[in-house]
Structures are given as C-alpha cells and as structure tokens.
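*Asks:* sequence first, then the predicted structure, then my questions.
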Amino acid sequence: MIFWEIAKRNLRIHLLRSTLAMLGIVIGVVAIASMGILGNTLVLSVSDSLHTVGDSVIVSPYTGGGSGFRQGGGVGSTSLKITDQQYQQIKRAVAPNIAIPVLQTSDIMKLGVGSDTIVAPIYGLNPDDVPNLMKLKAGSYSRSDSGILVGSTFATDHNVNVGSRISIGTDGDKGTLRVTGIIEERGISFDISTDSAVVVTQNWFDTTYNRIDYDTVVVKVDQGGDSAVVKTTIEKQMNKRDKVVSVMDSKATLATIFTAFGAITTFVTAIGGISMIVAGVSIFNIMMMSVTERIKEIGIMRSIGTQKREVMSMFMFEAAILGVVGSVIGGVLSIIAGYAISALLLNTTKYLFVWSSAIPIIEGVCFGIVISLACGVYPAWKAANLIPIEAMRHE
Amino acid sequence: MNEYPVMVFKDVVKVYPLPSGDVTALDGINFKVERGEFISIMGPSGSGKSTLLNLMGCLDTPTSGDIYISGTRTGDMSDKELTDLRRDRIGFIFQYFNLFPLLNIIENVTFPMMLKSQKAVDPEKGRSALRAVQLDDSLFTHTPMEVSGGQQQRVAVARALINDPDILLCDEPTGNLDSKTGAGIMELMSELNRKGTTIIMVTHDPNIADYSRRTIRIADGRIVE
C-alpha cells in the first residue's frame, strides 16, 4: 500500500524528531509497566509471606472495654483473656468448624550448657489441634508434655535440631523440654506466628504458668464454609449485650490488604501514565508539524484523486508506526526496568517471570499504541479535510 | 467511446463572498469542449483563468450554472464522487510539476493507478508511460529532486496520462521551464493531442498558445473571444 510506504519514508526522513516522539512513548510504557510490575511483585511477595491454611477466624478479647475477663499470668501475657466458658460458647456456635484455643506468653530460654539465654514467644496448644494449625518440616508432633516444637527461623537462628533440649525459665526453673519437631515456615500469619516461637502442650503451659484462660481462639473454617458467616455467628453469640470479643476474618482482612496494595499500584501506575500523556502530546505535536509541512502535497494528492480516508490513513499509519515501535521497545525495556526495580527495592526477582507480571507490560504497550493513535486522529482528520485548492496554494 | 462532449459549461457563475463584498470571478461562462480538441485559455492576471481551471478540474464548485464532464453533471456529486472523477477522467499538469518528493519517478507515475486499483501495480506500466514521454530509463528510480525541471514535467505528464483520462488540464505547463525545454514539453503535448488526447491549457504566453488549435480568451470573468 503506497500510503503505508509514504508514512514510513516520511518518518525516516525526519528520523530525529520521529525518534524523539518514539522515545516519549518508550518512556511512558516503561513508566507504566515497571510501576505495574513493582506493584505486582509487592503483592505477590506479601501474599507469599502471609500464611493462611484455608480461611480462619481469630477471636480475641475486646480491648476497648467490656467485662467478663480474668486477669492472666505469665511473662508478657495480656491482661484480658477468653474464659473456658466463652471458648465453649464459641465452639458450639461455630460447629462443625474447629475452634482452637491458644495460650500465649513469652519466656527466657537456654539452648544448652554455656549458650546465651534468649526470650521467645511460647504457644500452648492442645496436641490434637496442632496438626490443624501447622505442618512440620522435620520430626514429629508430640503428645507428651516433655516435648516441644520449634519454629523454622528459631531452629535456624539458634542451630536447634530434632532432639535438642531447651531449658525454659530463669536457670531453667520451669523445666527442660526435648525438641520433637521443626515447624514448617508459616510467614506472617493472622492466627499464630510460629517461625520464631516454640509450641508446647496446653497441659504443660497450664501447669507451668498457672493459666486456665485463653489469649485467642482460632476457628478453622471448613472448605466450602464462609468465614464471614462464621464471624457474624460469633459476634451475635458473644457480643449480645456488651462487646466482649473482637472477631477478625482473615479472608476479609487479606482482601482489605490486597485492595490497599491494588490502590497503591493503581496510583503509581497512574503517575507513570502522566508521562504517557506527555508522550501523546509530543506525538500530536509532531503529527501536526507533519501535516503543516505537507499541506501542498496533500492538496496535490487530493487534486489527482486521493480520497479523504486515504489521506487520513497515511497520517494514521505514521502515528501507528510511532506508537507500535515505541511501545514494543518500551515493553522490552520495562522487563529490564522491572527486573532492576524488583531486585533493588524488594531484593527478589522471582515474581518477575509470572503471568501477572506480564499484564502491566501488555497494558503499557496497549496504552502506548492507543495514545499514539488517539493523538494522531485530529492531525489526520485535519489533513484529510483540507480544501484541495487552498492546500495547493499553500507555500 | 463516450458520445458526449468531454466538457460542457452552461451559464457558470462563480462568486467569492468576501467581507468587503462579493467578488464575481466568473460571470455566465458557456463553452463546450469536444473530444480531441487542444484548447488554450488566455487572459490577463485576475481575469478568472485559475477559477475556470479549478472548476474544470472539479476542485471547486460553481455558484450557479452546470458543468458536465463526459455527460456527467458535477453539481450533485459528493466529495467522494468528485474525487473519483478527478482520478479517473481528468489528468492534471501543474506549473511547478508537483511531484511527490517521497516517491521515486516510477512510483510518482503509477500513484494515480494505485489509487484507482487500490493495490500495487506493475511497475512496467509506469516504465511504458515514462518511455512514452521520452524519459530516459536510467532516471526511473531517481527521486524528483534528482532530475531536471523539464524531466520532472515529463514525469508529471506521464502521471497525468496513466489512468487514460478523458481530458488533460494544464496550468502554465511551461511556466517554470526555459524556452527550449518548454518547447520540448509543448511538442510532447502536441504529439499526445495528435494521438487523441483532449487538452485544455491555461497560459499567458501567446507562443505557447500557438500550439493549441482553439483559444478561449477571458477578461473580467467573461469569455471575450
């Protein structure tokens, strides 16, 4: 097609200005796509860190007021607790979902003769409930009060293995327990965070810290169950008169977090979009320049039988070439930019080569092409609608 | 062969509305151009020659009156139809050649053919047209800026004739050439006319007008002779 050829040659003749216009699109695409990649990498990285085994609902004492809580004991424990009676109410309300009572404190530990003492969180759980909350990467679950499970980070940091012994309390006055298993890494979690903690039996915990009330109750919602319904059920049951418990739906909280990340990603991408608008203005300017320079040529074309739509197509081809070439180059460069940003800001590039990271690149490329074409429409329309005899007189 | 006259003007009036008042460029123009004629239009500056040529070339529309091209009334035609008419039935030759600088000689010549066929055309047709206007083969792939004025005008003639138009409209075809080159172009036009091409030429040069077989003189927007 001759008009495609003319468009190509015109861009080639004005190589510098064509390149500069294209550069604007390249920058715009890179800005949009790399910001999108960064946001996506952030979301993937956070969702990998947030551990949820299915949906869970976490019930904790309401700290803003209320009554019916007993004072708890132990180092670092909170003053408000969930009583066993309240736990039983929760358990009945959420059945057949499993309600797991959790005891929590922190204490001094010593990992062997001559080693330093450390302070770490301690969870007390019923041995039957442990497999419902966590998986082991080594060893086995313990039913004995003399056994203890340790988190993966705890094990790595303190060189603890299955069979190691841990003394708890000042000078080990609360007892020495044998490590039976290493807990699989769980990351940041809504229910319990075990990576840097230890897990003992509920019985040992009760005996040692003289505790009979619980810090939280974790309800594991069955597959197919609705965590929002479970949350409402608990609130209706427990907060009839006064608000005595706070109920958190992990799924809803996760959704809120991702919505916030989505908003941040949209915002930074929109900032990238501004550079694309600037690039579009540059394309518009160059197209108008091209039309102005070629008014007489357009007049001659029209006089010897070129239709308006053919003149329009000639200029739209120019805009399309600038847009497609600039956007594709921008798309390729945005992979490099995304790699660099992810490596520098998040210290990982493992989320770069996944489908969801390709979406911002595709969006950036498409946006670049659409902006270029949109900014070419008016100049092309103006060229097509020039009056031939007036255009031919133009000098 | 079309039995109608190539061009008929009936009571054609062209008025340009200006803020300072209407200007009548053409006032009651009547003439007929038969197939195979070679007509020159002469007149002083501002007499209406260019306006007449624009109307003949369907680049402008009359204020009143009718224009027929090969029996087709142009007054009711849409922009698209008029553009098709210019492409298929009228060939233009301009004083300043008006070739496309981005295209080479052959592409310039075959451009109207491509417009008509809407596809790539055989470059051999362009070569034949260029040989018919006595342009050397070695110049065919050059750009217009790489050849002389006379050679550019030969290319323009070849381009104007490539779609085998009913009529060739020439606006001062030798106005930008030296006398020797201009004479060469006029010899070429005469030769084309002898072969049957209808030519209407606007000129202010009586020596150039001598190549035609009929002269229409125009003054103050009216045909005077």
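*Replies:* In hand now; what should we look at? Numbering: from 1, shown residues only, chains lettered A, B, ... in the order given.

*Asks:* let me know the distance separating the residue nearest in space to the middle of chain B from chain A.
*Replies:* Note on chain B: the residue nearest the mean C-alpha position is residue B:169, at 1.7 Å, using Cα atoms, centre = their mean. In this structure, residue B:169 and chain A are separated by 10 Å, where distance is defined by Cβ to the nearest Cβ, to the nearest Å. Just so you know, the C-beta spots here come from the backbone N, C-alpha and C atoms, and that holds for glycine as well.

*Asks:* now the strand or helix carrying that residue, how far from the centre of its chain.
*Replies:* Here residue B:169 is covered by strand B:167-171, with elements defined by DSSP states H and E. Once both centres are worked out by Cα atoms, centre = their mean, to the nearest Å, strand B:167-171 turns out to sit 2 Å from its chain's centre.

*Asks:* ok, now stretch B:200-214?
*Replies:* Going by Cα atoms, centre = their mean, where stretch B:200-214 is centred and where its chain is centred differ by 13 Å.

*Asks:* for it, which outside residues touch it?
*Replies:* Stretch B:200-214 is contacted by residues B:7, B:33, B:37-45, B:49-50, B:52-53, B:56, B:167-175, B:182, B:186, B:189-190, B:193, B:199, B:215 when judged by Cβ atoms under 8 Å, 6 or more residues apart in numbering or on different chains.

*Asks:* buried ones among these?
*Replies:* Using 16 or more other Cβ atoms under 10 Å in any protein chain shown as the burial test, these include B:7, B:33, B:37-43, B:49-50, B:52-53, B:56, B:167-175, B:182, B:186, B:189, B:193, B:199 as buried.

*Asks:* now, which of the residues you listed lie within strands?
*Replies:* B:7, B:33, B:38-42, B:167-171, B:199 (DSSP state E).

*Asks:* who's in contact with the residue in chain B that chain A sits nearest to?
*Replies:* Each residue of chain B has a distance to chain A, by Cβ to the nearest Cβ, and the smallest belongs to residue B:87, at 2.2 Å. Taking Cβ under 8 Å, 6+ apart as the criterion, residue B:87 is in contact with A:304, A:305, A:306, B:112, B:115, B:116, B:163.

*Asks:* next: residue A:356.
*Replies:* With contacts taken as Cβ under 8 Å, 6+ apart, residue A:356 has the following neighbours: A:40, A:44.

*Asks:* quickly find the element holding it.
*Replies:* Counting by DSSP H and E, residue A:356 is part of helix A:355-384.

*Asks:* go through that helix and flag the buried ones.
*Replies:* The neighbour-count criterion (16+ other Cβ under 10 Å) identifies A:357-358, A:360-361, A:364-365, A:367-369, A:371-373, A:375-376, A:379-380, A:382-384 as the buried residues of helix A:355-384.

*Asks:* with stretch A:38-57 instead?
*Replies:* Of the residues in stretch A:38-57, those buried by neighbour count under the rule 16+ other Cβ under 10 Å are A:38-47, A:50-52, A:55-57.

*Asks:* gap between the residue nearest to the centre of chain B and residue B:144?
*Replies:* Using Cβ to Cβ, to the nearest Å, residue B:169 is found at 20 Å from residue B:144.

*Asks:* same check, this time on residue B:176
*Replies:* Counting by Cβ to Cβ, the gap between residue B:176 and residue B:144 amounts to 13 Å.

*Asks:* now for those two: what residues contact both?
*Replies:* Listed as contacting both residue B:176 and residue B:144 by Cβ under 8 Å, 6+ apart are residue B:97.

*Asks:* which PyMOL command selects the buried ones in the contacts of residue B:87?
*Replies:* Command for PyMOL, covering only those of these found buried under the criterion 16+ other Cβ under 10 Å:
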select buried, (chain A and resi 304+305+306) or (chain B and resi 112+115+163)
